[in-house]
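1. Sequence first, predicted coordinates after that:
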Amino acid sequence: MTQRPYWKVGDLAELTGLTVRTLRFYDQIGLFSPSGQTESGHRLYDASDLSRLQQIVSLKELGLSLEEIKSALEGKQISPAEIVKLQMTRVKEQIQQQQQLLEQLQHVSKRMQGQAPLTVDDFTGLLQAMRVSHEKVVIERQKNWEHRLNALGSFIVRDHEQSNHSKEE
């Protein structure tokens, strides 16, 4: 009988590049819980947990909030194959945007090397390609910060409510 491989939270963090704190938070909010536990209470994750974590990370990269991810995975609204397909589409879009920026930079570089004056169209084309590339990064950072602030706000409200409830007792 072959024993299934299990990973402790630290091993899983190292394997995936996520922090132990993130994994514990995902467990705390019911998004990603371990399949098992040692007698001393350490979390144990198996291969099916890794599959779920891959889905979570993929959906997060696609811009979904943790609540949206939880809802999607609980409701089985998105299959693992669909998640991979969505991720591939997103990567293709990013590659296309970067390719456009590269082409614009190459065009400007050729003109500069040939001592040809840059036209207004050269500058606006380059600025447009840079803006599109930059906007994606800014929007993703903004969503990430909004989520973190919302999570912090929820934690503060919950902690405050628990504190008030304890005082009433």
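-> Yep, that arrived. If you're wondering where the values come from, they're calculated on a predicted model, not measured in any experiment.
2. Let me know the pLDDT of the residue of the chain most remote from its centre.
-> Within the chain, Gln115 marks the point farthest from the mean C-alpha position, 44.0 Å out by CA atoms, centre = their mean. At Gln115, the pLDDT value in this model is 77.
3. Then it would be within a strand, right?
-> No - applying DSSP: H, G, I helix; E, B strand; the rest coil, one finds Gln115 to be coil, outside a strand.
4. how about it, phi and psi?
-> phi 60, psi 20 (degrees, to the nearest 10).
5. Also the one 5 residues further on?
-> Phi and psi for Val120, reported as degrees, to the nearest 10, are phi -60, psi -40.
6. which non-adjacent residue is nearest His42?
-> In this structure, His42 finds its nearest non-sequential neighbour in Lys8, 5.5 Å apart by CB to CB, 6 or more residues apart in numbering. Any C-beta I mention is one placed from the backbone N, CA and C, and that applies to glycine too.
7. The one you found contacts Arg43, doesn't it?
-> Yes - contact between Lys8 and Arg43 holds when scored by CB atoms under 8 Å: they sit 6.7 Å apart.
8. distance of Gly10 from Arg111?
-> Using CB to CB, to the nearest Å, we find Gly10 at a distance of 53 Å from Arg111.
9. Look at Lys8 and Arg43 and report which has more neighbours.
-> Between Lys8 and Arg43, Arg43 has the larger neighbour count (other CB atoms under 10 Å), namely 21 against 15.
10. Give me the nearest residue to that one, chain neighbours excluded.
-> Leaving aside its chain neighbours, Arg43 sits nearest to Pro34 (3.9 Å; criterion: CB to CB, 6+ apart).
11. Go ahead and list the helix or strand containing the one you found.
-> Under DSSP states H and E, no helix or strand contains Pro34.
12. Return the residues in contact with it.
-> Counting by CB atoms under 8 Å, 6 or more residues apart in numbering, Pro34 touches Val9, Asp27, Arg43, Leu44, Tyr45, Asp49.
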